[in-house]
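Novice: need a structure here:
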Amino acid sequence: MRAVLASIMLLASPDWKEVLSSDGITVEARERADSRFPEMRATTTVSLSVEALCAGAFGTGLTDKREPSLQSRRVLSETEDERVTFDRITAPVVSDRDYAVRVRRTRGEGGKCRVTAELANELAPPPTPGVVRIEHLRLVWDFAPNPDGGTRLTYVVWTDPNTPLPTFIMEPSIRRFAFDWVKLVIERARSSAPAK
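Specialist: I've put the predicted structure just below:
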């Protein structure tokens, strides 16, 4: 319940500021009191089904080299709507990062679907020398039927890359990361949509 309330608060906050707009996708940022790194929110409306987009966000558990920065992935546990993986990513300017993440898919009333991810580092293997463990990551994908057709997509992500580098050096990469993820999920959904 706390996670649901936190997600609603994230999506309802009025202090988002647009930082990137391209290809119909708007990326906004807002400051957090508990971090020097901002949260990002990306929104768009897509002429694809909720189910196809939700499946694209949930993924397959396989290493997908199109995922931004992904170097490797290992599935630790999996059910139809929940998966725990151990991921290693290549981060710009800094050394590689790794983390275990639990991804959940839930379907709601009115044809909505949500995919959430939160860290599950208690299930991760021991740290690798020279690789930094990510200790803060939370994301929410929301997909809802749009009254005028298609699907309204909202993606909210916050992570602390665990680096001493100044925020102004890292923030452009964080913005681009949010944008690239939305593009990838749309691409996955398009490739799985039935031909017309």
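Novice: from now on I want contacts and neighbour counts done on CA atoms only, so please keep to that.
Specialist: Will do.
Novice: now the helices for this protein?
Specialist: Residue ranges of the helices in the chain, as given by DSSP state H, are 2-12, 50-58, 167-192.
Novice: buried set for the last one?
Specialist: By neighbour count, and taking 16 or more other C-alpha atoms under 10 Å as the criterion, the buried residues in helix 167-192 are 170, 174-175, 177-179, 181-182, 184-186, 188-190.
Novice: which of the residues you listed scores worst on pLDDT?
Specialist: Lowest pLDDT of the buried residues of helix 167-192: residue 170, 61.
Novice: contacting residues around residue 41?
Specialist: 27-29, 154-157, 178 (C-alpha atoms under 8 Å, 6 or more residues apart in numbering).
Novice: mind listing the strands for the chain?
Specialist: Taking DSSP state E, the strands of the chain run over residues 17-22, 25-32, 35-46, 70-78, 82-89, 97-107, 113-119, 132-133, 136-145, 151-160.
Novice: pipe those strands into JSON lines and attach distance to residue 57 and mean pLDDT per row.
Specialist: Shown next, in JSON lines, are the strands of the chain (distance: least, C-alpha to C-alpha, whole Å; pLDDT from 0 to 100):
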{"stretch": "strand 17-22", "distance to residue 57": "20", "mean pLDDT": "92"}
{"stretch": "strand 25-32", "distance to residue 57": "16", "mean pLDDT": "92"}
{"stretch": "strand 35-46", "distance to residue 57": "13", "mean pLDDT": "89"}
{"stretch": "strand 70-78", "distance to residue 57": "15", "mean pLDDT": "95"}
{"stretch": "strand 82-89", "distance to residue 57": "12", "mean pLDDT": "96"}
{"stretch": "strand 97-107", "distance to residue 57": "9", "mean pLDDT": "96"}
{"stretch": "strand 113-119", "distance to residue 57": "7", "mean pLDDT": "97"}
{"stretch": "strand 132-133", "distance to residue 57": "23", "mean pLDDT": "92"}
{"stretch": "strand 136-145", "distance to residue 57": "7", "mean pLDDT": "96"}
{"stretch": "strand 151-160", "distance to residue 57": "10", "mean pLDDT": "92"}
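Novice: now for these, which one comes closest to residue 53?
Specialist: Across the strands of the chain, residue 53 has its closest neighbour in strand 136-145 (7.3 Å, C-alpha to C-alpha).
Novice: helices and strands around that closest one, which ones?
Specialist: Counting contacts by 3 or more C-alpha pairs under 8 Å, 6 or more residues apart in numbering; DSSP states H and E, strand 136-145 packs against helix 50-58, strand 113-119, strand 151-160.
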